[in-house]
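In: requesting a structural model of the entry that follows:
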Amino acid sequence: MRAYLHTAPRWVLCLVYGVPFGAVMSVGILSDNGPLEMIVFGLVGGLLYGVLASAAAAKPRREVQDLLGEISRDQYPTVFRAARRGPVPTDPATRTAARKLAGHDLVQARIGTFIALPFAALMIAATVVGRDPESPWFAVLSALTAAVTAYQVYLWRTFKRRIESLALTDDFV
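Out: Model prediction:
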């Protein structure tokens with residue numbers, strides 16, 4: 001999650017999560033129903049999803065805020081950027097907070113990888129074994145699942161290297 005979303009009020013998260021979901025759901029229902037049903041379905045679906053997603057994001061937001069500790073909210077963008085990319089901060093407190101955040105993100109990336117790997121294997125097996133030659137959807141979903149899994153592995157490796165670079169800087173500064 002981006003730094004500005006960690007400091008945003010809950011209603012903003014509800015909008016950030018709900019509006020795109022409602023728009024996609026409205027377009028998905030467009031072919032079967034009229035415009036009134038499309039708008040109502042999008043609004044209700046987006047509102048419900050936004051409320052549920054913002055409630056689900058509350059615990060991870062608290063975890064990150066507890067992890068960062070005494071870092072002021074003004075420094076959140078610097079810490080988030082340093083945990084992922086960019087120059088290593090010279091301030092020891094900011095560098096330490098960035099290393100903690102990168103460690104937290106590494107754990108989340110590992111969890112995502114271990115969740116995505118079996119799902120990707122099942123999707124690819126379903127594509128090979130039970131694929132309907134007339135429908136490309138299994139192949140598309142398999143490719144999408146493989147891409148998500150590869151991205152999770154990429155994140156895992158990126159966070160490991162970033163933690164190493166933040167730790168090396170601590171020794172020499």
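In: report the buried residues of stretch 106-120.
Out: For stretch 106-120, a neighbour-count test (16 or more other CB atoms under 10 Å) marks Leu106, Gln108, Ala109, Arg110, Gly112, Thr113, Ala116, Ala120 as buried. Just so you know, the C-beta spots here come from the backbone N, C-alpha and C atoms, and that holds for glycine as well.
In: name the helices or strands packed onto the strand or helix carrying the third one?
Out: It stands for Ala109. In this assignment (DSSP states H and E), Ala109 forms part of helix 92-130. Secondary-structure packing of helix 92-130 (3 or more CB pairs under 8 Å, 6 or more residues apart in numbering; DSSP states H and E): helix 58-68, helix 76-84, helix 137-172.
In: how about the CA coordinates for the first one, as CSV?
Out: When you say that, I think you mean helix 58-68. What follows is helix 58-68 as a C-alpha-only set of coordinates in CSV (Å, rounded to 0.1, in the frame of the first residue of the first chain):
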residue,chain,number,x,y,z
ALA,A,58,-7.3,-1.6,8.8
LYS,A,59,-5.2,-4.4,10.4
PRO,A,60,-2.2,-4.2,8.0
ARG,A,61,-2.3,-0.4,8.3
ARG,A,62,-2.1,-0.6,12.1
GLU,A,63,0.7,-3.2,11.8
VAL,A,64,2.8,-0.9,9.6
GLN,A,65,2.1,2.1,11.8
ASP,A,66,3.2,0.1,14.9
LEU,A,67,6.3,-1.1,13.0
LEU,A,68,7.3,2.4,12.1
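In: from the contact counts, what lies against that helix?
Out: helix 3-6, helix 92-130.
In: can you flag the weakest of those by average pLDDT?
Out: Least confident of those, judged by mean pLDDT, is helix 3-6 with a mean of 70.
In: what residues does stretch 62-72 touch?
Out: Contact with stretch 62-72 is made by Met1, His6, Tyr76, Val79, Ala93, Thr94, Ala97, Lys100, Leu101, His104, as judged by CB atoms under 8 Å, 6 or more residues apart in numbering.
In: ok, Ala150 to Ala8 distance?
Out: 30 Å (CB to CB, to the nearest Å).
In: higher neighbour count, these two?
Out: Per other CB atoms under 10 Å, whichever of Ala150 and Ala8 has more neighbours is Ala8, with 17 against 13.
In: show me the contacts for the more buried one.
Out: Neighbours of Ala8 in contact, by CB under 8 Å, 6+ apart: Val16.
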